[in-house]
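>>> Build me a model:
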Amino acid sequence: MTEIKKEDNEFEVDVTKVTVNKPAAPAAPKTNKKQPVLKNVEGKDMKPEDYFYAEEGSKAITPASFNDVVGLPVTREDLIETFNNVFKPEDNVLFYKTVDKEVYIVIIPIKYSTTVGRMHESINGDFQKHAISFIAEGSVNLVTFQAKLKRILPFVNFVAR
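Reported below is the predicted structural model:
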């Protein structure tokens with residue numbers, strides 16, 4: 001841009017090229033949100049609405065802290081085989097292990113639940129879980145484990161099959 005002074009208080013401007021730099025858009029804030037892992041014993045992704053209670057008009061979601069609290073799906077083949085002897089894989093009963101203890105969590109689909117639902121005054125996000133505890137890491141005795149799994153059966157309404 002060239003500026004030429006003509007007289008006092010008058011200027012003539014010769015504009016040949018003007019470049020306007022837009023400020024860069026602010027970067028999206030980084031989030032460390034982990035997607036909750038909701039898988040059955042066969043490793044298939046499951047729908048939150050099958051496990052988490054939602055009042056009518058609400059959508060069931062997996063709480064963000066789900067895996068921090070409950071743990072992750074069990075991957076030990078011997079335990080999965082024993083689990084499948086008690087619960088049918090097609091019923092999609094979830095089988096999890098806590099991260100830091102020898103505690104196994106069995107999560108019952110809402111359709112088979114006997115303790116979570118409108119009649120039980122459940123709140124959004126409730127789910128029916130059963131914990132099976134062992135004393136130390138690796139101390140699972142498969143016979144005892146199967147017996148503990150069978151104790152859960154009276155709390156499951158498989159009539160809904």
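>>> Contacts only, for the spatially most central residue of the chain.
What sits nearest the mean C-alpha location of the chain, by Cα atoms, centre = their mean, is Pro36, with 2.5 Å. The neighbours of Pro36, taking Cβ atoms under 8 Å, 6 or more residues apart in numbering as the test, are Thr62, Pro63, Ala64, Phe66, Asn67. All C-beta spots, glycine's among them, are computed from the backbone N, C-alpha and C.
>>> Could you verify that Ile105 is part of a strand?
Yes. When DSSP: H, G, I helix; E, B strand; the rest coil is applied, Ile105 is found to be in a strand.
>>> Identify the bridge partners of it.
Judged by DSSP bridges, the bridge partners of Ile105 are Tyr96, Ala131.
>>> Give me the neighbour count for it.
18 (other Cβ atoms under 10 Å).
>>> surely it meets Thr98?
Yes. Counting by Cβ atoms under 8 Å, Ile105 touches Thr98, with 6.8 Å between them.
>>> what do those two both touch?
With contacts taken as Cβ under 8 Å, 6+ apart, Ile105 and Thr98 have Val70, Gly71 as neighbours in common.
>>> List phi and psi for the residue nearest to the centre of the chain.
The phi and psi values for Pro36, taken as degrees, to the nearest 10, are phi -60, psi 140.
>>> Need phi/psi at Phe83.
Per-residue torsions, Phe83: phi -60, psi -40 (degrees, to the nearest 10).
>>> what's the neighbour count on the residue lying closest to it once chain neighbours are set aside?
Spatially, and ignoring its direct neighbours in sequence, Phe83 is nearest to Phe95 (5.1 Å; Cβ to Cβ, 6 or more residues apart in numbering). Neighbour count of Phe95, defined by other Cβ under 10 Å: 23.
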